[in-house]
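*Asks:* need a 3D model of the following:
(one chain, ligands or ions: 1)
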Amino acid sequence: MASAMKPDEIEDYRKTLEGLRARLRGDLDQLTDEAFQRDGEEGSSNLSNVSAAVADVGTENYDQEFMLSLIENEQETLAQISEAMHRIDAGIYGQCQECKGPIAKPRLQALPYARCCIECAREMEKHA
Ligand SMILES: [Zn+2]
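*Replies:* Numbering: from 1, shown residues only. Sure thing, here's the model as predicted:
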């Protein structure tokens, strides 16, 4: 079943998704660069100031873990965005992937790559 959305509405969502994807890809490039740079720094840490080096390593590990979790989140979001774009192409955008009902528009506006309606999302959270 095709969604009841008008083609120009779908076009708006597609543009939103494309914008999000471009922004996330930019972020991701930057985060990846930073994570790799920090890797390089760690390998060449200066032994002449051990306590400072230890403190630095602690902060670096924390930052790197934080960045890696950001990278993971953004990769996950990017995957959801491209799935949403596939759903646009397939003519099922705005349809809940669980109950096949329509996803409420306010939810799509807040989360254009939402794959299921709020009821199903809550249900899945309960069982997570
Ligand atoms: Zn649903």
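
*Asks:* drop to CA atoms for contacts and neighbour counts, all remaining ones
*Replies:* Noted.

*Asks:* the helix or strand hosting residue 86 - what's its average pLDDT?
*Replies:* Residue 86 belongs to helix 50-90 when elements are defined using DSSP states H and E. Averaged over helix 50-90, pLDDT sits at 83.

*Asks:* near the ion, which residues of this protein?
*Replies:* 96, 98-99, 117, 120 (C-alpha under 5 Å from the ion).

*Asks:* could you rerun that using 8 Å?
*Replies:* 95-103, 116-121 (C-alpha under 8 Å from the ion).

*Asks:* only whichever of the residues you listed are buried, select them in PyMOL.
*Replies:* Applying 16 or more other C-alpha atoms under 10 Å to those leaves a buried subset, and the PyMOL line that selects it is:
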select buried, resi 95+96+97+102+103+116+117+120
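
*Asks:* ok, back up a step: so what touches the helix or strand just after the helix holding residue 86?
*Replies:* Using DSSP H and E, the helix or strand that follows helix 50-90 in sequence is helix 105-110. For helix 105-110, contacts defined as C-alpha atoms under 8 Å, 6 or more residues apart in numbering pick out 13, 94, 114, 117-118.

*Asks:* with secondary structure, pLDDT and distance to residue 26 added, can I get those in JSON lines?
*Replies:* Formatted as JSON lines, these follow (DSSP: H, G, I helix; E, B strand; the rest coil; pLDDT from 0 to 100; distance: C-alpha to C-alpha, whole Å):
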{"residue": "13", "secondary structure": "helix", "pLDDT": "97", "distance to residue 26": "20"}
{"residue": "94", "secondary structure": "coil", "pLDDT": "95", "distance to residue 26": "26"}
{"residue": "114", "secondary structure": "coil", "pLDDT": "96", "distance to residue 26": "21"}
{"residue": "117", "secondary structure": "coil", "pLDDT": "97", "distance to residue 26": "29"}
{"residue": "118", "secondary structure": "helix", "pLDDT": "96", "distance to residue 26": "29"}
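
*Asks:* between these, which is nearest residue 35?
*Replies:* Among the contacts of helix 105-110, residue 114 lies closest to residue 35 (C-alpha to C-alpha), at 28.7 Å.
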